[in-house]
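J.: Turn this into a model:
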Amino acid sequence: MTAPRPRPEVLDISPYIGGESTIPGVNRVLKLSSNEGAFGVPPGAQEAYRRTSEELHRYPDGDATELRRAIGARFRLDPARIVCGAGSDDLIYQLCLAYGGQGRDIIMSAHGFAIYHIAGTYAGSRVIKTPERDLTADVDAMLAAVSPATRLVFLANPNNPTGSMVPYAEVARLRAGLPPEVLLVLDAAYAEYVERPDYDPGIRLVDAADNTVMLRTFSKIFGLGGMRIGWAYAPPAVIDVFNRVRSPFNVSIAAQAAAIAALAEPGWVEKGRAHNAEYRPKLTAGLTAAGIKVWPSEGNFVLADFAVPERANAADAFLRTRGVIARPVGGYGLPHCLRITVGTPEEVEIVIATLTEFMRGG
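T.: Sure thing, here's the model as predicted:
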């Protein structure tokens with residue numbers, strides 16, 4: 001008998017593998033594999049989550065009206081041009097399904113976020129990965145890949161897993177060089193950590209025309225990765241498309257309440273940004289002093305380069321003997337690297353000490 005079979009391209013997709021959380025036989029684990037915020041969940045969000053327990057039999061507001069208002073107030077954006085999803089991954093899938101498809105190409109950089117390739121392939125598109133320059137998206141390479149079939153260009157800025165950032169002037173040049181019918185998607189999941197003056201998460205380009213989308217998330221600095229909440233700021237026509245194709249109740253009651261409270265938590269974002277600004281350089285300096293190359297990063301993580309896959313694998317194994325989980329990134333074409341989240345001060349010191357010992361032959 002012949003079993004049901006999916007479309008052939010679906011079987012070409014390698015499943016996304018999230019950061020590990022446990023090590024067999026180890027009780028105290030330092031999870032530095034998923035770029036979660038260093039300070040856990042905002043207290044106000046925890047309380048808001050608890051208060052929703054008596055309403056869980058109700059369907060959520062499918063339009064996430066109050067959450068969109070809160071986002072709009074926080075970032076000075078029109079709530080009518082915001083749509084929310086079950087993480088920004090959810091919105092990436094909807095964009096690929098709505099604007100991609102058979103005969104339509106999607107462009108991303110070589111080491112860009114893996115979900116672009118997965119969602120684009122699932123939609124039936126050809127996904128083109130363009131070369132990078134010093135692990136940074138190359139605008140000229142992306143523009144050179146454009147053809148009449150191109151419909152979507154994804155740019156994670158800052159990028160995961162490399163941490164690299166494309167300045168606003170270069171992003172604007174990318175937008176100007178793309179045909180007007182090509183949708184540029186700027187994924188700014190780590191925007192709150194960036195302090196460089198030449199950065200814009202995407203708001204300026206979304207406001208300037210009808211062909212750019214900005215994606216954001218509550219999974220990083222806002223500490224709500226487990227709730228799965230993302231949002232997009234987009235032109236009205238793209239918002240209309242989102243609302244036609246997204247799941248009708250794609251953000252739960254608890255997630256909406258927690259996100260609204262997280263936005264209102266006094267000083268939370270400032271605390272996370274200040275911590276990252278202090279301890280990312282300390283982590284970088286400590287690993288560099290140990291003899292490990294660290295690529296420049298604008299996120300809440302660093303990319304440690306061990307030159308060859310064998311050494312990266314050995315370093316990962318050594319970290320695990322000390323209860324530390326980093327993120328191997330061979331799936332991103334970087335088998336010689338480990339991505340390491342900037343954790344608490346104690347976690348940063350443990351990582352530095354452990355990898356220093358490893359590099360000394362421990």
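J.: Relative to the whole chain's centre, how far out is stretch 45-57?
T.: 26 Å (Cα atoms, centre = their mean, to the nearest Å).
J.: May I see the buried residues of that stretch?
T.: Ala45, Ala48, Tyr49, Thr52 (16 or more other Cβ atoms under 10 Å). Glycine gets a C-beta too; all of them are placed from N, C-alpha and C.
J.: among these, which are in helices?
T.: Ala45, Ala48, Tyr49 (DSSP state H).
J.: got JSON lines for the residues you listed, with pLDDT too?
T.: Converted to JSON lines, those look like this (pLDDT from 0 to 100):
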{"residue": "Ala45", "pLDDT": "98"}
{"residue": "Ala48", "pLDDT": "97"}
{"residue": "Tyr49", "pLDDT": "97"}
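J.: Tell me the one of the buried residues of stretch 45-57 nearest Pro309?
T.: Nearest to Pro309 among the buried residues of stretch 45-57: Ala45, at 39.4 Å, using Cβ to Cβ.
J.: what residues are up against Arg322?
T.: Going by Cβ atoms under 8 Å, 6 or more residues apart in numbering, Arg322 touches Ile350, Thr354.
J.: what does the one 4 residues further on give?
T.: Contacts for Ala326 were tallied using Cβ under 8 Å, 6+ apart; they are Leu32, Ser33, Ala304, Ala315, Asp316, Leu319, Leu338, Arg339, Ile340, Val351.
J.: Just give me the neighbour total for the third one.
T.: Residues contacting Ala304 under the criterion other Cβ atoms under 10 Å number 26.
J.: Got phi/psi on it?
T.: phi -90, psi 130 (degrees, to the nearest 10).
J.: And the fourth one, by the same measure?
T.: According to degrees, to the nearest 10, the main-chain angles of Ala315 amount to phi -60, psi -40.
J.: residues near it, how many?
T.: Using other Cβ under 10 Å, Ala315 has 21 neighbouring residues.
J.: For the host helix or strand of His336, enumerate the helices and strands it packs against.
T.: Using DSSP states H and E, the element containing His336 is strand 334-341. When contacts are defined as 3 or more Cβ pairs under 8 Å, 6 or more residues apart in numbering; DSSP states H and E, strand 334-341 sits against strand 301-305, helix 309-321, strand 327-329.
J.: Looking at the ones you listed, which is nearest to Ile118?
T.: strand 327-329 (15.4 Å).
J.: and that closest one, average pLDDT?
T.: Average pLDDT, strand 327-329: 96.
J.: That one - contacts with which helices or strands?
T.: Using 3+ Cβ pairs under 8 Å, 6+ apart, strand 327-329 sits against helix 309-321, strand 334-341.
J.: between the ones you listed, which gets nearest to Met359?
T.: The nearest among the helices and strands packed on strand 327-329, by Cβ to Cβ, is helix 309-321 at 8.2 Å.
J.: Distance across stretch 145-153, terminal residue to terminal residue?
T.: With Cα to Cα, to the nearest Å as the measure, the ends of stretch 145-153 fall 10 Å from one another.
J.: Flag every buried residue along it.
T.: So for stretch 145-153, counting by 16+ other Cβ under 10 Å, buried means Ala145, Val146, Thr150, Arg151, Leu152, Val153.
J.: what does that stretch rub up against?
T.: So stretch 145-153 is contacted by 95-96, 99-100, 103-108, 120, 125-126, 128, 130, 142, 174, 177-179, 181-185 (Cβ under 8 Å, 6+ apart).
J.: circling back to that earlier point, using JSON lines, lay out the ones in helices among the buried residues of stretch 45-57 together with distance to Pro79.
T.: Shown next, in JSON lines, are those (distance: Cβ to Cβ, whole Å):
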{"residue": "Ala45", "distance to Pro79": "20"}
{"residue": "Ala48", "distance to Pro79": "19"}
{"residue": "Tyr49", "distance to Pro79": "22"}
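J.: If we go by neighbour counts, what in stretch 21-32 is buried?
T.: Those would be Ile23, Leu30, Lys31, Leu32, for stretch 21-32 by 16+ other Cβ under 10 Å.
J.: Also stretch 206-217?
T.: Val206, Asn211, Thr212, Val213, Met214, Leu215, Arg216, Thr217.
J.: next one: stretch 228-237
T.: Within stretch 228-237, the residues that count as buried by 16+ other Cβ under 10 Å are Arg228, Ile229, Gly230, Trp231, Ala232, Tyr233, Ala234, Pro235.
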